[in-house]
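> Predicted structure and sequence below. I'll ask about it afterward.
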Amino acid sequence: MLLLLLVLAFVTALQAQYSTEKIDMKLYWGGHKFTVDEKKVSTKQVLEMMKPIDTAAYRRMKLSSANNNISTILGGVGGLLIGYPLGRFVVGEKPQWAFAAVGAALAGISIPISNKSRRQASEALELYNSKVTFHPSRLRPALNLVAKGNAIGLVLKF
């Protein structure tokens with residue numbers, strides 16, 4: 001019995017480490033998020049899932065992540081450079097509109113980079129999801145401690 005429990009724990013740990021579940025990407029205004037079985041996962045976790053299964057998808061996702069970081073930085077700096085002159089204008093000081101122009105240019109450049117990042121992430125997920133095997137009826141064993149009447153026992157459900 002103890003050996004069965006150890007084997008079950010080992011298999012469950014391996015399954016959690018190298019999940020072969022389908023990864024979904026949900027888009028929303030200003031970004032995207034990844035989900036596995038309706039649970040949110042980070043880009044780092046997606047990369048960890050992809051690496052042992054599909055190196056092409058892994059490389060594509062790394063590019064997507066790098067482009068997303070560049071886009072976020074450019075958009076943030078652009079927003080700051082737009083906001084600073086506007087703040088000066090609102091309080092009655094003389095704004096330097098050149099900062100706003102540079103900020104608008106940076107924010108504008110960040111948009112196509114962000115779109116490219118989303119496209120690369122989508123392509124990486126298509127590659128990965130085409131390689132994994134799906135088992136909708138896969139067994140998900142659960143071990144529970146049950147107490148009924150004057151007895152206590154372990155119940156293993158599949």
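Received, thanks.
> thinking in terms of the whole chain, how far from its middle is stretch 146-158?
38 Å (Cα atoms, centre = their mean, to the nearest Å).
> Repeat that for stretch 46-60.
13 Å.
> what's the answer for stretch 88-100, then?
Offset of stretch 88-100 from its chain centre (Cα atoms, centre = their mean): 38 Å.
> mind listing the strands for this protein?
Assignment of strands within the chain using DSSP state E yields the ranges 24-28, 31-36, 39-41, 142-148, 151-157.
> Nearest to S117, out of these?
strand 31-36 (8.5 Å; Cβ to Cβ). For the C-beta atoms, the positions are set from N, CA and C on the backbone; glycine is no exception.
> Quick check: which helices or strands does the closest one pack against?
strand 24-28, strand 39-41, helix 43-50, helix 97-131 (3 or more Cβ pairs under 8 Å, 6 or more residues apart in numbering; DSSP states H and E).
> E123 and G103: what is the separation?
31 Å (Cβ to Cβ, to the nearest Å).
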